[in-house]
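> any chance you can model this:
(chains A and B)
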Amino acid sequence: DAKTTQPTSMDCAEGRAANLPCNHSTISGNEYVYWYRQIHSQGPQYIIHGLKNNETNEMASLIITEDRKSSTLILPHATLRDTAVYYCIVRVPQAAGNKLTFGGGTRVLVKP
Amino acid sequence: DTGVSQDPRHKITKRGQNVTFRCDPISEHNRLYWYRQTLGQGPEFLTYFQNEAQLEKSRLLSDRFSAERPKGSFSTLEIQRTEQGDSAMYLCASSVGTGYGYTFGSGTRLTVV
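Numbers count the residues shown, from 1 in each chain, chains lettered A, B, ... in the order given. Okay, here's the model as predicted:
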């Protein structure tokens, strides 16, 4: 699986959009970008994934650059409950093992 | 079925004792995974099952660790002769096939004293 680089931490104001960057410059053509988050004392939670098109669901939007070397997770209206560690992962869904390889993630603190 | 259940939530044990954790996945999920997470780090893959078959084990899984999924439903993770370095959160996850729908449990926090 390709390596990802994320900022260690970031703050966000409640009610504002939170833009979380991820660099994955060595991503290969069949690797998807996945985002998970982990709220304190809970297991990671799936947020969204995409291959090359931008994706949106009820939780967030995923913007992938045209060259696919980076992406941004957007939380449109951050709430205090969005305070968590956010992990960007790139992987091939059908790869043997189907396991997720987590990096250090971005620790997001949403402030009132 | 409300998700992946793990038991116990917390376990404190003395060094050298054996411990066993249980994971009950979402019933229709055929894949089950174990991860370990130490403070400030992301989860690390330990092993995974497809139905009852254990298909991959990480190098992190020493000989003191063993996992089973006897009937392709719940799974147990046993640690023998625990060491202080085993102190961590042990997470279980399940999924259907190779899809994106990983669901994690809340984990078992092990403290070895």
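> got a list of what the residue positioned nearest the centre of chain B touches?
Against the mean C-alpha coordinate of chain B, by Cα atoms, centre = their mean, the closest residue is B:W34 at 3.5 Å. With contacts taken as Cβ atoms under 8 Å, 6 or more residues apart in numbering or on different chains, B:W34 has the following neighbours: B:C23, B:L46, B:T47, B:Y48, B:A67, B:S75, B:L77, B:Y90, B:L91, B:C92. Heads up, the C-betas are built off the backbone N, CA and C, glycines and all.
> quick check: beta-bridge partners of it?
Bridge pairing for B:W34 (DSSP bridges) gives the partners B:T47, B:C92.
> find me the pLDDT at it, would you?
At B:W34, the pLDDT value in this model is 96.
> for stretch B:70-80, C-alpha coordinates in PDB please.
What follows is the C-alpha trace of stretch B:70-80 in PDB, where atoms were taken according to Å, rounded to 0.1, in the frame of the first residue of the first chain:
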ATOM      1  CA  PRO B  70     -13.800 -21.800  15.200                       C
ATOM      2  CA  LYS B  71     -17.100 -21.600  13.400                       C
ATOM      3  CA  GLY B  72     -16.600 -18.600  11.300                       C
ATOM      4  CA  SER B  73     -18.500 -16.400  13.700                       C
ATOM      5  CA  PHE B  74     -16.900 -15.000  16.900                       C
ATOM      6  CA  SER B  75     -13.200 -14.900  17.400                       C
ATOM      7  CA  THR B  76     -10.800 -15.100  20.300                       C
ATOM      8  CA  LEU B  77      -7.400 -13.600  20.700                       C
ATOM      9  CA  GLU B  78      -5.200 -15.200  23.400                       C
ATOM     10  CA  ILE B  79      -2.000 -13.800  24.800                       C
ATOM     11  CA  GLN B  80       0.100 -16.200  26.800                       C
END
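> that stretch and chain A in contact?
No. Residues of stretch B:70-80 are not located near chain A by Cβ under 8 Å from any Cβ of the partner chain, the shortest gap being 14.6 Å.
> any chance you could map the strands in chain A?
Using DSSP state E, the strands found in chain A span residues A:9-13, A:18-23, A:32-38, A:45-50, A:55-56, A:61-64, A:70-75, A:84-91, A:106-111.
> nearest to B:K71, of these?
Taking Cβ to Cβ, strand A:45-50 is the member of the strands of chain A nearest to B:K71, at 26.4 Å.
> determine how far the closest one lies from the middle of the whole chain.
A distance of 7 Å separates the C-alpha centroid of strand A:45-50 from that of its chain, computed with Cα atoms, centre = their mean, to the nearest Å.
> got the contact list for that strand?
Contacts to strand A:45-50, defined as Cβ under 8 Å, 6+ apart, come from residues A:32-39, A:55-57, A:59-62, A:64, A:71, A:73, A:86, B:100-104.
> pLDDT on it, on average?
Across strand A:45-50, the per-residue pLDDT values average to 93.
> buried set for it?
Residues A:Y46, A:I47, A:I48, A:H49, A:G50 are the ones in strand A:45-50 that count as buried (16 or more other Cβ atoms under 10 Å in any protein chain shown).
> mind listing what A:S41 touches?
Taking Cβ under 8 Å, 6+ apart as the contact definition, A:S41 lies against B:S106.
> show me what from chain B comes close to chain A.
So far as Cβ under 8 Å from any Cβ goes, chain B lies against chain A at B:4, B:31, B:33, B:41-45, B:48, B:55-56, B:91-93, B:95, B:97-107.
> list the ones among those that fall in strands.
Residues from the residues of chain B next to chain A lying in strands, with DSSP E as the criterion: B:31, B:33, B:44-45, B:48, B:55-56, B:91-93, B:95, B:103-104.
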